Each structure stands twice: as structure tokens, then as C-alpha cells.
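Undergrad: Predicted model follows, preceded by the sequence.
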Amino acid sequence: MPSPADKANDAPALEVIRASRHFGAVRGLDDVTVTAARGEFLTILGQSGSGKTTLLRIIAGLDHPTSVAALRIGGKDVLGLPPHKRNVTTVFQHYGLFPHMSVGQNVEYGLKLRGVGASERRTRAEAALATVRLTDKYDRRIHQLSGGERQRVALARSILTEPDVLLLDEPLGALDERLRLDMQIELVELQRRLGMTFVFITHSQEEALTMSDRVILMRGGRIAQEGTPRDLFERPCSRFAGSFMGVENIIDGTVADFANGIAGIATPAGIFHGLWTGVEPPRVGQAAALLLRAEKLRIGTTAFADSFEGRITARIYKGKYIDVAMETRVGVIHARAWTDEDLTSDTVRIGWSAGDARCVPAEG
Ligand SMILES: Nc1ncnc2c1ncn2[C@@H]1O[C@H](COP(=O)(O)OP(=O)(O)OP(=O)(O)O)[C@@H](O)[C@H]1O
């Protein structure tokens, strides 16, 4: 028989079951269930106001849900426990470092609060700094560090106490583009090496796609979709999810037919087909959208069953390809041409294979 302690060890790192947080009439969080497996890199993705911070604050114990069925961290019920009694640590966008202390003192701070002796603190802080490649910066002052180094000090401080869950609140948001890309890779490597559970908050679909094991897309305090980065990118379940995941062309219409997973969407330019990726099967007549990624469109070929005509209004040379904008009967359509030969005439036919297009419900 496993002991209760063993059971706790098998439990997911994080379980937030049916949490709601209402601010007067505003539903900051509305009946949301989020779990994270041990060692998982889970991303909470959403635009401003979607409820990401509210969820994070509830996990950290900085705010309390209006209602919740369960809140467990590392298998332990933490409802009602103050932040410092929960085995979670938060890394904030603006680092939360003490500017008047050295790097070493900042990293050791959590251990000092827990009454750990000076020599053990130093040993552990040096090990944590080595993990984030800052071995020689122990005595530096915070203001002598670059943005990326400050973020790494904040990380070193957070991993030192070995939390069950590390919460990262837009940690790369303050960094410039180049550093942000480097830190994305570094963060994932660190997470893999430590085998720690990361819950990463961002509004950037690109960060979510490149870093996560799993993504939860939030909208208006609810979960719009969850799955692997590939699921979200290749099988958005709604018009909203498709738009958020960067689909360039969204054509609204109604469902005309459905067979073998492929839906026909009636649009002003005719009935067009794509793979239905909504959660529920479609109903004929329901409002729906056809999602067409620019790179999946083919210009100047009549090889496809689904196609329409467009008049080229802009060509932007991008090096590897040419970004093309076209006026069509369904509005402006963006496509990619791979050679100039595709663009010899101003009026072109744009086609696609039904398996490369997606059809989704307009709502949900
Ligand atoms: N203390 C509060 N009082 C009133 N409304 C609040 C409070 N905190 C959050 N809200 C509301 O709850 C909703 C969710 O907010 P939340 O801060 O969780 O969003 P977010 O996704 O983290 O946004 P951002 O990316 O801008 O931080 C918003 O409509 C917000 O205005």
C-alpha cells in the first residue's frame, strides 16, 4: 500500500479545479480547471484581460478565488495557506530584485528567510548561479547587470528553494528582441535540466509555440482551447483560436455540407472546403469560418477544386518569399509567392487543398 506521502509524490504538480474569481460583475476567472504534470512546461496564453494574472495570483496565494473545488500544489491542499506556505515561486517581468543588495544576497534571500545558515546559503546560491551561467557575478550589484543577467538572477533565486511549481509572469516581456529569443532557449534548457514544473504566462503566441509542452489559451476568464503547440497551431477549435494563432485569412460564412471530416462553407465567392476542427460536429446553416494560412495558398494554378480569383494589390519582397495581398470577392487575401514567375499577371487564381484549410465555428 502506498503511504499518503507516496501518493502526494505521484500527484500532478498543480491542480486548480473549477476556480472562479469575480470582481463585482467582471468574471476575471470563470470556472477554470488547470492541471500541470510534474516536469511539464505549461503555458497560459492570452491577450490582456483574459485572466492569466488572476489565475497566477490564485495559485501563488496572492488572491483568493470566489469559488473553487480544489487547489493543490504537489498533491497538497493549499487552499487557505498564505503564499510562503505554498511550495511555489513566482518570477515577475520586472525581476523583483533588491537593487541595494549584491547578486549573491539577492539569490540567498529566500534561504535567509527560512533560517538557513550562512555557509550553506553561499554554497547553494553559488550552485544556483552556476545553473544560470552567472558563476562569477556573486558580488556584483544589481544595477551593474544587463536585463538578461537580471532575469537570470531572478531565476537563480527562484529555483534555489526547489518549488513544486515555478510561476513565470511574462518573464521575457521587458527584454529586447534578440535577448528574448536567446532567453526562450535558455529557459527551456533550464527547465529540462531541472525537471521542474514551469507555468509560464505570456500574450505571445510565438513564445507559447516555441517553448511549451502544452498551451492553455484563455479568453474572457475561460479556457478557449488547450493542447500541444501543434494542436493549437494546426487544429484551432474556433474562429477566435485561429485568429489568435495568427491565421492570415479568415473567411466568414455558414456551413453548407459536411462529410468525412471536411466541411463546406458557403461564402460570397462560393462554397469552399476545409478540415473541420471544431470540438462539436458542424450543423448545416451554422455560422462558421474558413481559415487559410498564407503559406498554404497556391497562386496561379488550376489544380485545386477550391479556388477563386484575385487582383494583386501589393507585393512585398521578403527574401525567401514574396508577400502578396490580393483583392477578392471575400475581401483582402494574403498569400506567399515563392518565385516571381507566380506573379506575371495582376489577376491570378488562388487555390488550396481542402486538407490544408480549416473550418471552425464562428463562436466558442
Ligand atoms: N482587482 C481587480 N478588480 C477589478 N477587476 C479586476 C481586478 N483584477 C483583474 N480584474 C479584471 O479581471 C479580468 C482579468 O484580468 P487579468 O489581470 O487576470 O488579465 P490578464 O490576462 O493577466 O491581463 P494582462 O495581460 O493585461 O496582465 C480583467 O477584465 C480585469 O480588468
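TA: That came in fine, so what should we check first? Numbering: from 1, shown residues only.
Undergrad: Any residues of the stretch 51-200 of the chain in contact with the ligand? List them.
TA: Gly51, Lys52, Thr53, Thr54 (Cβ under 6 Å from any ligand atom). C-beta coordinates here come from the backbone N, C-alpha and C atoms, glycine included.
Undergrad: My understanding was that the second one contacts Met218; is that so?
TA: Yes. With the criterion set as Cβ atoms under 8 Å, Lys52 and Met218 qualify as a contacting pair; they are 5.9 Å apart.
Undergrad: These two - which one has more neighbours?
TA: Taking neighbours as other Cβ atoms under 10 Å, Lys52 and Met218 compare with Met218 leading, 26 against 23.
Undergrad: part of a strand, is the more buried one?
TA: Yes. Applying DSSP: H, G, I helix; E, B strand; the rest coil, one finds Met218 inside a strand.
Undergrad: who's in contact with it?
TA: Val32, Ile44, Leu45, Gly46, Ser50, Gly51, Lys52, Leu55, Ala224 (Cβ atoms under 8 Å, 6 or more residues apart in numbering).
Undergrad: if you go through the protein in chain order, where are the helices?
TA: Along the chain, the segments classed as helices by DSSP state H run 4-10, 52-60, 103-113, 118-131, 147-160, 177-194, 205-211, 229-234, 239-244.
Undergrad: Any idea what Trp276 is bridged to?
TA: Beta-bridge partners for Trp276, by DSSP bridges, are Cys359.
Undergrad: how close does it get to the ligand?
TA: 29 Å (Cβ to the nearest ligand atom, to the nearest Å).
Undergrad: Count the residues that sit near that residue.
TA: By other Cβ under 10 Å, neighbour count at Trp276 equals 22.
Undergrad: what's the answer for Val360, then?
TA: For Val360, using other Cβ under 10 Å, the count is 30.
Undergrad: Tell me the spacing between it and Glu295.
TA: 19 Å (Cβ to Cβ, to the nearest Å).
Undergrad: Ok, Glu327 next?
TA: Glu327 is 20 Å from Glu295, where distance means Cβ to Cβ.
Undergrad: Please identify which of the two sits among more neighbours.
TA: Applying other Cβ under 10 Å to Glu327 and Glu295 shows that Glu327 carries more neighbours, namely 15 against 12.
Undergrad: Great, nothing more from me.
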